[in-house]
Every structure is written in C-alpha cells, then in structure tokens.
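Peer 1: sequence unavailable; structure follows:
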C-alpha cells in the first residue's frame, strides 16, 4: 500500500513525514521532470506501507509543473490513499485544497495538524462536524510533538484497504447543470481524471486538458464554449474565476461552521516581526543572524576539519611509503583515490553538514522568507528577487550547499542566475588563496580590495544576465509563515537527505576525477597541461607553470595555492612571482571554473547544459577580471 | 485606490485586480480574492515589498503587484 502526503506549504507536512520516515527515505523525480518527491517505508499495524511526501502546492489547478505532476500521480492509482495535511490555524485556505482533492474522488484522510498553534491563537475546531460535512475521517494532530500520527496512519491504511472514495463536493445549481451536460459528453473520453473532475477542469479552461480531450473528441469544443459563455454571461466573470469562487465559497462555509474563534493570546512570536522586519533593526538583526550562522558553521567545521585532514595526510604518507615511495602508477592512483575521498570529506563534514543543518534551522524557523522580504528591493536593483540572496550567503562558505539551496527558488530563470552567480562567490577554499597570496605578501588591504571587486563583478554579471534572460515573473508574492521552533528531527533529516545525495552522486565522481588527474600527473603531462592553459596564462602575464595548479584547482580550490608552490619550485611566492602576478593569479582563481564537486551538483540540480554554460561563463569572467586586475595593478607596482 | 495607497494597520476589501493570469492566480492561491479583507501590516524600506494580513496569513507582496490590486475602504 502507498500513502501520499499532500498539503499546502507551511502546513507541517514535512514535519509529519520526518516523524515517520526512516533514514532510508529516497528522493525521486516524477518521470521527465525536476519535480521531486520523497518516499519512505513506514510500519503501520504490523505491515509495511510506502509513504510519499508530495511537493507542497497551494492548489491543484495544474498550472505549474509541480501541480500537474501531483494530480497525475494522485489519479494514476500510484497511491491508495492520501493524507491531506491541514494547518488548523489557517483552516479556510487549506480547505480550498481539500475541496480540490475531493473532486478527484480518491480515498482521503484529513490530518488536522498544528492543533496547538490553533489553540494558541484561540481557534477551536469542531472535528466531528468537519468529519460529517465532508464524510471523511478527520484526525487532530500535532506532528511536531508526535501526537495524532499513529491514529492518522491507522485510519489511512483502513481507508486505503477499503478503497473508500469520498463524495465529490457539490456546487451551485448553474454549475452543477453545466457539469452534468459536460460529463455526459466526456463519458467515453480517456483521461487520468474522472469525468466530473475532468468537466470541472475543462470549465476552468485548463488548456492542456482541453487539447487532450479535443484530440479524442473534437466536436466537444463547441458545447464547451457555449457552456462557458453562458456562465460568463450570467455571472459576469470568466469561468476560471467562477470555479475558484465556488471552491472558496464552499471552503469558507465549512470553515465558518466548524471554527469557533475564542480569545487570541498575543505572544512573543506575534511581536517578533516588529523587530526582525523593522526598517532599521531588521537589517541589523539580519547581519547579526548571518554572522552568528557563519561563526557557528566555521567553528564547528574547524573542530572537525583540521584533525581529520591531518589524519588523511598521515595516511597518505604511510601509503606512499608502503607502495614504492610514490613513484609507481599504483601508488599514484592510490594517492588519487585518497585525495578524492579526503576532498569529499573536506567538503561534506566541515561545510555541508553544518551549512545544511543551519539552513534547515533558518528555513524551519521561518526566517528565510523574511530575508527575502528585507532584501527584495536591493536584489531588484541587480535584476533578481529577495529569495536569491540565500545561495549567495551560503556561497561564502561552500558553493555546493549554495547550489543546493537554489531549490527554494521556484522560477527556473531565477535558479539558473542564482546558481551561476553563487559560483562567483569566493568560497572558504578560494578565500584561503586570496589570504595566502595577496593578504600575506601584499597586505590585507589589497585582499579586501579583491573582495570588493568580487562583489562588483557579481553585481555586474547579475545585471548582464538579467538583461540576457529577462525577468518574466511579475514580482514577489510570498507567504510569511508563522515563526516556529524547528524540530531537530526534521532539520537533521532534511540535511541528511541532501548530504546523502552528495555522497552517492558527487563523491564517486570526485574520486574518479582525482584518479584521472593522478594518472595524468604520473604520465608527466605537466608540459601538456601548462600548454593547455597557456593562452590564459600568457594573456594574464603569468608564468607558464601555473597551468598545473589551475587545472588541479578545479578538483579542489585549495590545490591552486598548494600546487602553485610545487610548480614554481618555491613556497616563498614573493621570490617567484611579482606583486602584479600574485594579484592577477588570485583574482583569476577567485572567478574561474567552479570546483568539480560544485560542477557535479550544478549538473544534478540544473542539468548538464547549465553546468557547461556556467563553466564557460566563469572562464570568460575570470579572464576579463584577471586582465582588469593586471592592468590596474601595473599602475601601482 | 490600490493597495499601495493604504496606510499601515488599515483594513480594506479587495475589489479587483488587473494584470496577467499568473499574478491573479498567485494572489488567489494565497487567499487574496476579490471580496476578501486584508490589513496592511508593514512596508519594507527602499521601495521594498509590503506585508499584508490575509485571513490570518501574512503575505509579502511586491509593489508592482500591489499597485494592480484595487481596494476599497470598509
């Protein structure tokens, strides 16, 4: 048996899922789309059932890919029963979706989540009445505290076993008679929807469904148009509005009857926005919160990284001494494997884990939408929206979680631009190059200048990109969820899934990549690599030896500094490089091609084409920025 | 008058909105339908979005969209 979890954003659906799901939960895509769902096995009444966490959508109108995929999935017999999670503190809007689900006539159980929150704001819900009005089981629940979950799943399994389909909701007379007319004509039409639901969607003007029906029965168009025109004429508005109105009317009616509004207790949480969204204090708060976030992440990462990297270094030395002193091909390959593994560890433990846990906390508390609210006007100036600030911020730690975090953006264009720009944000590894080279030899002032230059280039690139790919979204419309105390379980499960994806998909490629480079190293192709990079190093006035460290730097950015010493034969860079060369090299490293792990994540999240585009873009930007830095530096040195 | 003309803490009723299907659809999804009451909670500085209370939910709306939402004082 398979149970689908469905609900609007912020209804606590993923909290519920994480309460029941095991660590073996799998993320998947609806075939041929980037719309993802998570599936896990859960034990209910001694038998194992599959639970699918469907993407959170406000409606099931099918106007965006996620909604369409969810409808298809729900009606394809893939699920035996759905649990419709409702936020009890915002019942009426949630019920609008319940009405849509009832139209689909699939077995359903309503989970009335966040009963504690409803209580807090003085809302009392008559559960029995709600049950009777829709004639479906309704189970009160506080998912974050684990209450009501067991009875809910037991009910769901029973409803699923009996294949207990609900009655579709009834609308006004004129709509019902139109639906009856249409239904009769649709009887022989093949569709994933039942005739009534199909009739409703046709009336609403769902173009892809209309096309689908017309391909089977073209003569229906005339009748559909005349019914639509009739309704539009009598009601004075288009049919999609009428249907929406009918659903809202019904859900409002139900909500009104089952809700008793008591006294609302104003608590600290209600006042929090007055501080966190204050025109001045809000921004100070933002800076403090981000500072604490980074400080926390780096401190935690530092504790783990240093001893761990020491361990790997010792292991490598031991291994090399064991297998022919690092000369043979075998030991080179082994070194490659170790470097690939340690590279993964160096990303996963110090950065991915704390960053994703931190991001999860900010997400679940409800702060991220507030960041979008505060930053929207500033981001608009470079052609983006408020939410896009999140990948940038994370990018300063590591580009990998930054790319992953672009998932919070719905718009494809916004995702691509944010991902492309966040690869230009210098991550911790690239910061170490700027510090090791420029700050150490030429002073921290110049390092700061490189930072400011970096921000300028990012803003400029954003401007150019948003000109090339014009913004089609009309602007911000975003729900600001109520602040909540996140549950550790949800935060850690979310972080774990994202990390597991990295481990399973990116890490093996990282190891293969470093083995390939190790073999190249063994074959002594340094001359070849240097020649390959020569066009760039020549233009930038850099010694031809920088080819090897730059290419190995793609594997891990730290290597572009470590191997630079090896390539030039001295770690005392001031003796082998001029100040101009140091600055130019550092600027080039800050911007050029994202590291292999980032590339792999870009390919996974946005596709191969986006990855190659970003690689090409960063190469061009790095060369131009390097040239500019060289020209400017030559004026001073 | 449109949503941008409404002072903070005032409650108004949505009359209609102009603009593409995308906008009206998203507004509708979040319960901002004609006939519903909304209360302006705050404005973000520097031409940023505004935040309204729509049936108990807080919703941020960019100014471009807010300008298209026609409202009436109750």
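Peer 2: Here it is on my side, so go on. What you are looking at is a predicted structure, and each value in this text was computed from that prediction instead of being measured.

Peer 1: just the closest residue of chain A to chain B, please.
Peer 2: Of all residues in chain A, residue A:475 sits closest to chain B, at 3.1 Å by Cβ to the nearest Cβ. The way it works is simple: take the backbone N, C-alpha and C, and place the C-beta from them, glycine included.

Peer 1: count the neighbours of the nearest residue to that residue once chain neighbours are set aside for me.
Peer 2: Once flanking residues are discounted, residue A:475 sits nearest to residue B:62: 3.1 Å by Cβ to Cβ, 6 or more residues apart in numbering or on different chains. Number of residues near residue B:62 (other Cβ atoms under 10 Å in any protein chain shown) recorded here: 24.

Peer 1: next, the buried residues of stretch A:222-236.
Peer 2: The neighbour-count check on stretch A:222-236 (16 or more other Cβ atoms under 10 Å in any protein chain shown) flags A:224, A:227-228, A:231 as buried.

Peer 1: residues from chain B in reach of chain A?
Peer 2: With Cβ under 8 Å from any Cβ of the partner chain as the criterion, chain B meets chain A at residues B:19-20, B:22-23, B:25-31, B:33, B:41-42, B:44-49, B:51, B:55-65.

Peer 1: hmm, which of these are the buried ones?
Peer 2: Neighbour-count burial (16+ other Cβ under 10 Å) is assigned, among the residues of chain B next to chain A, to B:23, B:25-31, B:33, B:41-42, B:44, B:48-49, B:51, B:55-63, B:65.

Peer 1: and chain A, which of its residues are near chain B?
Peer 2: Within reach of chain B by Cβ under 8 Å from any Cβ, chain A has these residues: A:58-59, A:61, A:63, A:89-90, A:92-93, A:96, A:121, A:244-245, A:248, A:273, A:277, A:279, A:369, A:372-374, A:376-378, A:380, A:386, A:473-482.

Peer 1: isn't residue A:13 up against residue A:84?
Peer 2: No - counting by Cβ atoms under 8 Å, residue A:13 stays clear of residue A:84, with 9.5 Å between them.

Peer 1: give me the common contacts of these two.
Peer 2: Residues touching both residue A:13 and residue A:84 (Cβ atoms under 8 Å, 6 or more residues apart in numbering or on different chains) are A:6-7.

Peer 1: thinking again about what came up before, can I get the buried part of the residues of chain A next to chain B as one PyMOL selection?
Peer 2: Per 16+ other Cβ under 10 Å, the buried members of the residues of chain A next to chain B correspond to this PyMOL selection:
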select buried, chain A and resi 58+59+61+63+89+90+92+93+96+121+244+245+248+273+277+369+372+373+374+376+377+378+380+386+474+475+476+477+478+479+480+481+482
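
Peer 1: and residue A:1, how many neighbours?
Peer 2: By other Cβ under 10 Å, the residues close to residue A:1 number 15.

Peer 1: that one and residue A:85: what is the separation?
Peer 2: From residue A:1 across to residue A:85, the span is 18 Å (Cβ to Cβ, to the nearest Å).

Peer 1: chain center to the top helix by length along chain A, what's the gap?
Peer 2: Secondary structure of chain A read by DSSP state H shows that its longest helix is helix A:281-322. With Cα atoms, centre = their mean, to the nearest Å as the basis, helix A:281-322 stands 23 Å off its chain's centre.

Peer 1: stretch A:225-232 too?
Peer 2: 41 Å.

Peer 1: give me the nearest residue to residue 7, chain neighbours excluded.
Peer 2: This is for chain A. residue A:85 (3.5 Å).

Peer 1: looking at chain B here, not the other one
Peer 2: Nearest residue to residue B:7 in three dimensions, chain neighbours excluded: residue B:40, at 6.9 Å (Cβ to Cβ, 6+ apart).

Peer 1: now the strands: where do they sit in chain B?
Peer 2: Secondary structure of chain B (DSSP state E): strands at B:11-17, B:37-43, B:50-54, B:57-61, B:69-73.

Peer 1: I'd like those laid out as TSV, including mean pLDDT.
Peer 2: Listed next are the strands of chain B as TSV, based on pLDDT from 0 to 100:
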stretch	mean pLDDT
strand B:11-17	91
strand B:37-43	91
strand B:50-54	91
strand B:57-61	90
strand B:69-73	91
